[in-house]
Every structure is written in C-alpha cells, then in structure tokens.
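Chemist: whatever this is, show me its structure:
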Amino acid sequence: MPSSTAFSASLRKLWRRFRRNRRGSTAVEFALIAPVFFGLLFAILESGLYFFADQTLESVAQNSARMILTGQAQSTVVDATTFKAKYICPAGSLASVLFNCANVYIDVQSYPAFSNITINSQIDANNNFVIPTNYSPGNPGDIVVVRLFYQWQLYVTGFGFNISNLSGNQKLLAATVAFKNEP
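Modeler: Take a look at the predicted model:
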C-alpha cells in the first residue's frame with residue numbers, strides 16, 4: 001500500500017504538470033469571452049441599424065410633409081392611403097426597402113394656431129402601440145403636424161441592453177414635422 005507522502009507527492013507532480021500544459025487554453029479563453037464579445041457586437045450592429053432606420057423615417061417625414069406644406073396633397077385630393085403609397089412608401093424607395101410599408105402609420109392633424117397643438121403618446125399603459133387614424137392636411141395658413149410611426153423589431157435584448165418601449169421587444173420609431181401651410 002503506498003504511503004500518504006508518496007500519494008501527495010504524486011498529486012503535486014500531477015498538479016504542476018497540469019498547470020504547465022497550455023494546450024487548449026486559447027479555446028477555453030475564447031469560450032469564456034465569446035458570448036460577451038458577440039453579444040456586444042450584435043448590440044452595436046442593431047443600434048446602428050436602428051438609428052439608420054430612425055433617420056430614414058425622419059427624412060421620409062420631411063419629404064412627405066413638404067407635399068402638404070406646398071398644397072400639392074390638398075390640390076389633388078389625396079386621402080391617407082394614397083398619401084402613404086405616393087409620398088411615404090413609393091415603390092423602389094429606401095423606405096419601401098427598409099420598412100414593411102403596411103406597418104408605417106401616419107398621423108396628420110391641422111390646428112388653427114401653434115398654441116392649440118396637442119401631441120398625445122401613441123403608447124398605452126400596457127406598452128402597446130395605439131394606431132393613429134387622423135388625416136387632416138388642413139387649409140392654406142393652417143398649422144399642420146405630420147407624424148410617422150413604425151414598430152421596429154429588436155433582437156438583441158439580453159445582457160441588460162433592452163431599448164424596447166413596446167411589448168414584444170419592439171421600439172416605436174416616430175418622426176414628427178410641424179409647419180404652417182403656405183397660403
């Protein structure tokens with residue numbers, strides 16, 4: 001029967017050999033770091049894509065609001081559906097590529113003065129999107145507020161990075177333009 005001294009000596013020798021052996025350490029280190037690295041990488045990519053989509057929606061809102069500002073939308077008697085198809089999401093535009101145009105919502109309201117403007121939140125108490133139904137491009141000289149909404153789906157919401165403000169891991173993109181119609 002081996003003595004306890006010989007056993008502890010062989011155990012120490014085994015431990016030293018284990019500590020000196022570096023084969024596989026890179027794989028272990030990568031396995032420890034990879035989830036955090038890829039989580040951060042995908043969060044950065046998703047944030048960049050989100051900001052690009054938000055800026056695209058802002059540009060679309062500016063360009064489509066110009067049609068109301070100049071009276072072109074009123075002179076051709078455009079309804080909300082035609083306005084969306086013709087000025088917000090025409091075929092081949094960046095908006096039609098980036099967004100599902102059926103899920104782009106418009107809210108156009110006219111007011112007699114800037115002091116009368118009231119803008120309500122489109123998110124209810126349960127974090128659900130309240131679909132706007134207003135389309136009133138106004139008359140010459142009216143104050144008009146054009147708002148566009150899109151529910152952007154988020155995928156990287158773990159690791160404490162969750163910018164969603166709607167249920168179902170979605171972020172509401174909103175673009176607002178306020179102006180006074182030309183006479």
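Chemist: give me the phi and psi for G71.
Modeler: phi 90, psi 0 (degrees, to the nearest 10).
Chemist: ditto for S110
Modeler: The phi/psi pair for S110 (degrees, to the nearest 10) is phi -110, psi 150.
Chemist: let me see the contact set for the residue nearest to it when sequence neighbours are not counted.
Modeler: Once flanking residues are discounted, S110 sits nearest to G138: 2.9 Å by Cβ to Cβ, 6 or more residues apart in numbering. From N, CA and C alone the C-beta is placed, and that goes for glycine too. Each residue near G138 by Cβ atoms under 8 Å, 6 or more residues apart in numbering is listed here: I68, Q74, S110, Y111, V144, N181.
Chemist: how about S167?
Modeler: N126, N127, N128.
Chemist: neighbours around the last one, how many?
Modeler: Same thing as N128. 13 (other Cβ atoms under 10 Å).
Chemist: distance check, the closest residue to it other than its chain neighbours against F30.
Modeler: Spatial nearest neighbour of N128, chain neighbours left out: S167 (5.9 Å); criterion: Cβ to Cβ, 6+ apart. With distances taken as Cβ to Cβ, to the nearest Å, S167 is found 36 Å from F30.
Chemist: just to revisit the earlier point, want to throw the contacts of S167 into a markdown table with distance to L173?
Modeler: Formatted as a markdown table, the contacts of S167 follow (distance: Cβ to Cβ, whole Å):
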| residue | distance to L173 |
| --- | --- |
| N126 | 19 |
| N127 | 15 |
| N128 | 16 |
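Chemist: stretch 35-46: which residues count as buried?
Modeler: A43, E46 (16 or more other Cβ atoms under 10 Å).
Chemist: same question but for stretch 152-172, I mixed them up
Modeler: Result for stretch 152-172 [16+ other Cβ under 10 Å]: buried residues W152, L154, V156, S164, L166, Q170, K171, L172.
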